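In: sequence and predicted structure, then a few things I'm wondering about:
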Amino acid sequence: MTRARPLRIGTRGSPMALAQTGMVRDRIVAANPGLETEIVVVSTVADRVLDRPLSEIGGKGLFTKELEQALFADSIDVAVHSMKDVETWLPDGLVIACILERDDPRDAFLSAGEANGLADLPAGARVGTSSLRRGAQVLMHRPDLTIVPLRGNANTRMRKLEAGECDATLLALAGLQRLGMEDVARSVLSVEEMLPAVAQGALGIECRARDDAIRALLAPVACATTTTALDAERGLLAELDGSCRTPIAALARIQGDRLSLDGLLFLPDGSRHWAVHREGATSDAAEIGRDAGAELKRAAGDVYFAHLK
Ligand SMILES: NCc1[nH]cc(CCC(=O)O)c1CC(=O)O
C-alpha cells in the first residue's frame, strides 16, 4: 500500500493516550506493511482544565472535540480514542471506523496505606475519584467512606495519592496496563463490586466517513466481538442521554452468538440504584442495549434525568 503522504494519527498527549496510540499504530502498520504513519498530538479540554471535575465542566466530548475538529480541518486522518470517552452521537461526516479488541474492562484499586480493597478501608477513609460512577458505587458498598475529587491523568492521580490527597483511588486497569504500571494496583475490583463504564477498556479509531481508502486500512484491525459488546453498551447509554454527569455503568459479555448485558444507574451519593439485566442474540446487540436503557429510564423516572441537566 503506497500513499502520497503518511497516515496522520491524532491523539491526546497524556502518557496513557500516547501509549495506546502507539499500540494502535503498530496494529495498523502490521495489517498494512510498509504504511508510513505520523503521530499528531492534539490537546483537548480534558487535558487543559485540570482543576475541576469533568462532570462540572460539562458539555459534550471533553476528550474528543478537538480531535474531531482536526479531522474536519484535515490536519489528521484518524483519531485514536478510548471508546469510554466517545459520545454516543458522532458529528455528521465522522465515523468510528474500527473498534479494537477490548482489554480488561475492570477498575483497579490503589491505596496509599495497607488496604487491598474497598472492604479494608477504615471508616471515613477518603477515596479520590471525580467519576460519578465510581463514587456512587463506592458509597453503595461503603456509605461510611468519603469521596474526594481527584482529577488529572493516571500519573498525576497516583502522585496525588502518594502526596496524601486521598487514601485510595480507582483507575481503569486497561489504562495502567498500557502504561506498564499494573503492578501499582493493590487489587482488581470485580464487576459485581464495581461495574465498569460503558466501553471501558476498548479503543476505537475515528475518521472521515467518506475516506474509503483510510477505512480500508483500518478494517483489518477491528474486533467483531468488541464491536458487538459496545453496540449493546452504547445503545444503553444513548437511551439515557449519558454524559459525564450521569452515573451509569454497563458491561456486555459475549459467548458465541449470545450476549448478556448488565446496566446500573445510580444517584451520585449511592443511596439508590436501578439495575437491568438482558440476554439475547448478538445480532440484536444495539436493540438489546436500547431496550435495557429504556427500562432504566422508566425505572428511575423523568425527575432523575431532569435534575442532571
Ligand atoms: N476518563 C479518562 C479515561 N478514559 C479511558 C480511560 C481508561 C482506559 C480505557 O478505558 O480504555 C481513562 C482513565 C481511567 O478511567 O482511569
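Out: Yes, it's here. Numbering: from 1, shown residues only.

In: which SS class is the nearest residue to A70 once chain neighbours are set aside?
Out: In this structure, A70 finds its nearest non-sequential neighbour in I76, 4.6 Å apart by C-beta to C-beta, 6 or more residues apart in numbering. Every residue, glycine included, has its C-beta placed from N, CA and C. Put simply, I76 is coil when judged by DSSP: H, G, I helix; E, B strand; the rest coil.

In: the closest residue to G10 other than its chain neighbours: what's it in contact with?
Out: With C-beta to C-beta, 6+ apart as the criterion, G10 has its nearest non-adjacent residue at 3.4 Å, and that residue is I76. Residues in contact with I76 (C-beta atoms under 8 Å, 6 or more residues apart in numbering) are R8, I9, G10, V40, V42, L67, A70.

In: over to T226?
Out: I99, L100, E101, R102, A202.

In: tell me the one of those nearest the ligand?
Out: Of all the contacts of T226, the ligand sits closest to A202, with 6.2 Å by C-beta to the nearest ligand atom.

In: any idea how far that closest one is from P122?
Out: Relative to P122, A202 is positioned 35 Å away (C-beta to C-beta, to the nearest Å).

In: more neighbours: which of the two?
Out: A202 (24 against 11; other C-beta atoms under 10 Å).

In: who's in contact with that one?
Out: Contacts of A202 by C-beta under 8 Å, 6+ apart are S82, M83, K84, I99, L100, R102, D103, P105, T226, A229, L230.

In: mind checking how far it is from T129?
Out: In terms of C-beta to C-beta, A202 sits 21 Å off from T129.

In: also A300?
Out: To T129, A300 is 22 Å away according to C-beta to C-beta.

In: then D77?
Out: Using C-beta to C-beta, D77 is found at 35 Å from T129.

In: who has more neighbours, A300 and T129?
Out: Counted by other C-beta under 10 Å, A300 and T129 do not tie: T129 has more neighbours, with 24 against 17.

In: going along the chain, name the helices of the chain.
Out: 15-31, 45-48, 54-57, 65-72, 132-141, 154-162, 173-178, 212-218, 224-239, 285-300, 302-306 (DSSP state H).

In: chain neighbours aside, what residue packs nearest to G293?
Out: E239 (2.8 Å).

In: burial check on the one you found, number of neighbours?
Out: Neighbour tally, E239, other C-beta under 10 Å: 19.

In: report the contact partners of it.
Out: Per C-beta under 8 Å, 6+ apart, neighbours of E239: G289, R290, A292, G293, A294, L296, K297.

In: between those residues, which is nearest the ligand?
Out: The closest of these, once distances to the ligand are taken by C-beta to the nearest ligand atom, is G289, at 18.0 Å.

In: my guess is that closest one contacts L240. True?
Out: No. Using C-beta atoms under 8 Å, G289 makes no contact with L240, being 10.3 Å away.

In: which one's more surrounded, these two?
Out: G289 (29 against 24).

In: in stretch 256-267, what counts as buried?
Out: For stretch 256-267, a neighbour-count test (16 or more other C-beta atoms under 10 Å) marks L259, L261, D262, G263, L264, L265, F266, L267 as buried.

In: let's have those in TSV, adding distance to I147.
Out: Putting these into TSV (distance: C-beta to C-beta, whole Å) gives the following:
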residue	distance to I147
L259	32
L261	27
D262	23
G263	22
L264	17
L265	18
F266	12
L267	13
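
In: next, format these as a markdown table and append pLDDT and distance to G135.
Out: Below are the buried residues of stretch 256-267 laid out as a markdown table (pLDDT from 0 to 100; distance: C-beta to C-beta, whole Å):
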| residue | pLDDT | distance to G135 |
| --- | --- | --- |
| L259 | 98 | 29 |
| L261 | 98 | 23 |
| D262 | 98 | 19 |
| G263 | 98 | 18 |
| L264 | 97 | 13 |
| L265 | 95 | 14 |
| F266 | 93 | 9 |
| L267 | 92 | 11 |
